[in-house]
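**Q** Just a sequence and a predicted model for now, questions to come.
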Amino acid sequence: AAKAGKHILCEKPLATNVADAEEMVEVCEKLGVKLFYGEDWCFAPSLIKIIDLINEGAIGDVLYVKAKETHNGSHSPFAKNAKYCGGGCLIHLAIHPVGWVLHLLGDAGKNKVVEVIGKANGGSDDNYVHKDNTGEDWSVGIMKFAGGQHAFIEGNYITTGGMDDKVEIYGTKGLIKADLTFGSNVSVYSRPGYSYCIEKTDNTLGWTKPAVDEFFNLGYVNELKYVIDCIVNDTEPIFGAGG
């Protein structure tokens, strides 16, 4: 695509290894095409609001962040084989909170991660639930930034009841919590159930909170608008190799 002069929007992951990702960036820069990394969390309205509040000083200096994306497993057969996708739930799900935390705390690459502690099960028979996945189905990690902040990241395929995306930010003068997936202001109690609640929900019986506009709430609409604006106005994206 780059050799054909086409701008590129790449959804997660950018690549299955660092070397390939670096080559993509270098080739696109050399050929003068824009390479967008489509991290939808950076465009989610609730998470944009959180950054606005932090920049306003609402919770003082950020000390610690918890962020997670979990559900009961990918519907794609390719996601079951680490050969094709580079891993399991860490690169498929936890990559969203990792990307957003780097955006939140990384200061456009100036506040670098200086230490990482991680744990994941080993795939296949070592998995908790998904024995047919060669990648892991549970992962957690702790990131330490040069500025002293810490972040706890979680991604797993063992969560039933629907996709669960949450963040918590603790500061010197307050805290912020957000629920990206179960934060709907609509509550439904249903005996027969209905067609759709949120992604990865396997039933809609009893009390549920159906998404009102899932694609908008998760940032996809704003992400595409941003990409189009950058191309039309020939501006460099702030989400990508530089931050």
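**A** Sure, I can see it. Since the model is a prediction, treat every value here as computed from it, not as a measurement.

**Q** just the helices in the chain please.
**A** Using DSSP state H, the helices of the chain run over residues 18-31, 45-56, 82-85, 89, 95-105, 214-217, 220-233.

**Q** between those helices, which gets nearest to residue 143?
**A** Closest approach to residue 143 among the helices of the chain (CB to CB): helix 95-105, 6.7 Å. Bear in mind the C-beta positions are built from the backbone N, C-alpha and C, glycine included.

**Q** Who are the contact partners of the residue nearest to the spatial centre of the chain?
**A** Nearest to the geometric centre of the chain sits residue 96, at 1.3 Å (CA atoms, centre = their mean). Residue 96 makes contact with 12, 39-41, 69, 155, 165 under the criterion CB atoms under 8 Å, 6 or more residues apart in numbering.

**Q** cool, residue 33 as well?
**A** Residue 33 touches 1-2, 5-8, counting by CB under 8 Å, 6+ apart.

**Q** between these, which is nearest residue 62?
**A** Nearest to residue 62 among the contacts of residue 33, counting by CB to CB, is residue 8 at 32.1 Å.

**Q** Okay, the closest one and residue 167: tell me how far apart.
**A** Taking CB to CB, to the nearest Å as the measure, residue 8 falls 28 Å from residue 167.

**Q** More neighbours: which of the two?
**A** residue 167 (24 against 16; other CB atoms under 10 Å).

**Q** which residues does that one bridge with?
**A** With DSSP bridges as the criterion, residue 167 is bridged to residue 67, residue 178.

**Q** Below-threshold pLDDT in this protein: ranges please.
**A** Along the chain, segments meeting pLDDT under 70 span 239-243.

**Q** now do 50
**A** Residue ranges of the chain with pLDDT under 50: 243.

**Q** what domains does the record give for the chain?
**A** The chain is divided into the following domains under automatic domain parsing: 1-38, 41-185.

**Q** among the ones you listed, which is nearest residue 235?
**A** domain 1-38 (9.1 Å).

**Q** Endpoint to endpoint, that closest one covers what distance?
**A** Domain 1-38 has an end-to-end distance of 16 Å (CA to CA, to the nearest Å).

**Q** Kindly report the same for stretch 128-144.
**A** Stretch 128-144 has an end-to-end distance of 28 Å (criterion: CA to CA).
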